[in-house]
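**Q** here is a sequence with its predicted model. Questions after.
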Amino acid sequence: MKSILNYFFRGLLFVLPIFATFYIVLVIINWANETLNSLLYSWLPFEIPGLGILTAFLIIMLLGMAVSWAFSKPIFNYFENLIARTPLVKIIYTALKDFTGAFFGKKKKFNQPVLINLTEGVDRIGFITEQSLGHIGIKNRVAVYCPHSYNFSGNLFLIAPDKISPLDIPPADAMKFVVSAGITNIEN
């Protein structure tokens with residue numbers, strides 16, 4: 001009986017991450033399909049599976065192209081400035097824009113994995129986001145973002161430079177290691 005339960009839990013450990021990943025992807029795809037299909041199917045007399053996803057991809061791609069064209073930049077800058085001046089919306093918008101820019105923008109911020117020493121015998125992996133904090137009146141500190149495991153959140157620590165050691169691993173591997181709570185193997 002014990003070996004049957006053992007096999008069951010091994011199978012569960014194999015199936016659960018795969019199922020959870022596919023489930024999350026399917027929920028996102030279904031949401032995009034349902035949202036856009038309700039608009040598109042009012043124009044078409046028949047249904048085309050995946051049309052909503054394809055349309056969302058094309059719209060986002062076309063917006064990306066339009067933002068990079070020189071003649072359209074003033075228009076997008078106007079709307080961006082309008083959003084950035086709206087109370088409450090400004091906080092959410094700028095935080096999300098900066099966060100996505102840290103991953104995908106020209107100024108990638110999560111590219112310097114480090115080990116920070118919190119107390120004697122307790123270290124944490126993080127990413128340097130700012131080398132100098134003099135522009136906000138803080139001296140002799142480095143901004144280090146430490147993501148939480150299994151979550152899309154983290155903490156920002158202002159650490160003395162002598163408490164930081166650079167890690168010689170790719171940033172993506174460091175992020176996977178932290179987010180997986182140290183379970184993911186990192187090969188050098």
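**A** Arrived safely. Everything quoted here is computed from the prediction, not taken from an experiment.
**Q** is residue 116 in contact with residue 127, as I believe?
**A** No: in this structure residue 116 lies outside contact range of residue 127 using CB atoms under 8 Å: 10.1 Å. C-beta coordinates here come from the backbone N, C-alpha and C atoms, glycine included.
**Q** quick one, which of those two is more surrounded?
**A** More neighbours surround residue 127 than the other of residue 116 and residue 127, with 23 against 19 (other CB atoms under 10 Å).
**Q** what about the more buried one, which helix or strand?
**A** strand 122-130 (DSSP states H and E).
**Q** quick one: distance of the helix or strand just after that strand to the chain centre.
**A** Next in sequence after strand 122-130, counting helices and strands by DSSP H and E, comes strand 142-147. Relative to the centre of its chain, strand 142-147 is centred 15 Å away, using CA atoms, centre = their mean, to the nearest Å.
**Q** report the angle between strand 142-147 and strand 122-130.
**A** 120 degrees (axes from the mean of the first three to the mean of the last three CA atoms, to 10 degrees).
**Q** partners of strand 142-147, with directions?
**A** Within its sheet, strand 142-147 is paired with strand 122-130 (antiparallel), strand 154-159 (antiparallel), according to DSSP bridges.
**Q** in the last one, which residues are buried?
**A** Think strand 154-159. Buried residues in strand 154-159, defined by neighbour count with 16 or more other CB atoms under 10 Å: 154, 157, 159.
**Q** so what touches that strand?
**A** When contacts are defined by CB atoms under 8 Å, 6 or more residues apart in numbering, strand 154-159 is touched by residues 116, 118, 124, 126, 129, 133, 138, 141-148.
**Q** how does it look with 7 Å?
**A** 116, 126, 133, 138, 141, 142, 143, 144, 145, 146, 147, 148 (CB atoms under 7 Å, 6 or more residues apart in numbering).
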